[in-house]
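S.K.: show me how the following folds:
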Amino acid sequence: MRGAIAAEWAKLRTLPAAVATMLGTVAVSGLVASALAADGGAGWAAATSPAAIALAVVPYTQAGAILLGVLSVAQEYAGRQIGTTLTTVPGRTRVVAAKTAAVLMALAMTAPATLATAFGAAVLVRASTGAGIA
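M.R.: Residues are numbered from 1 along each chain as shown. Presented below is the predicted three-dimensional model:
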């Protein structure tokens with residue numbers, strides 16, 4: 001099983017669309033957090049901490065996690081490499097489990113970066129607008 005996970009991880013991390021999705025998810029979290037924090041003191045963001053703003057970004061960035069999961073499976077069907085994968089790892093359950101593990105490893109790197117970027121953007125915007133960091 002470790003070999004299957006290693007193979008799926010190698011396929012996923014060398015897929016340009018997967019890397020772009022991971023980086024894009026982090027970038028989008030910063031943009032959305034900036035927009036939420038730049039409320040000007042008139043709305044909900046005025047009474048909300050940067051941590052709450054960062055957590056409010058999560059529903060918007062979940063699309064990146066979903067896209068990463070779809071890319072891990074769909075990329076093999078586009079070029080018909082799925083036949084090779086199923087030949088080398090005959091158990092379909094093992095293939096799905098290995099793909100899931102590879103996506104979870106990618107998300108384990110992306111999620112903290114996403115939250116940190118959102119938090120940092122919220123702190124910067126709130127500090128620049130004079131709203132404070134409370």
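S.K.: okay, now the closest residue to T88 other than its chain neighbours: neighbour count?
M.R.: The shortest distance from T88 to any non-neighbouring residue, by Cβ to Cβ, 6 or more residues apart in numbering, is to A7 (7.7 Å). In short, each C-beta sits where N, CA and C put it, glycine included. Counted with other Cβ atoms under 10 Å, the burial measure for A7 works out to 17 neighbours.
S.K.: got the contact list for A7?
M.R.: Shown in contact with A7 (Cβ atoms under 8 Å, 6 or more residues apart in numbering): 88-89, 98.
S.K.: how about these in JSON lines, adding neighbour count and pLDDT?
M.R.: Converted to JSON lines, these look like this (neighbours: other Cβ atoms under 10 Å; pLDDT from 0 to 100):
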{"residue": "T88", "neighbour count": "11", "pLDDT": "78"}
{"residue": "V89", "neighbour count": "18", "pLDDT": "78"}
{"residue": "A98", "neighbour count": "24", "pLDDT": "86"}
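S.K.: looking at the residues you listed, which are in helices?
M.R.: Members of these lying in helices (criterion: DSSP state H): 88, 98.
S.K.: which elements pack onto the helix-or-strand element of the chain with minimal mean pLDDT?
M.R.: The weakest-scoring helix or strand in the chain, judged by mean pLDDT, DSSP states H and E, is helix 82-88 (a mean of 76). Counting contacts by 3 or more Cβ pairs under 8 Å, 6 or more residues apart in numbering; DSSP states H and E, helix 82-88 is packed against helix 92-129.
S.K.: buried sites along the helix it packs on?
M.R.: 95, 97-99, 101-103, 106-107, 110-111, 114-115, 117-126 (16 or more other Cβ atoms under 10 Å).
S.K.: also stretch 67-81?
M.R.: 67-69, 71-72, 75-76.
S.K.: which of those residues fall in helices?
M.R.: Of the buried residues of stretch 67-81, the ones assigned to helices by DSSP H are 67-69, 71-72, 75-76.
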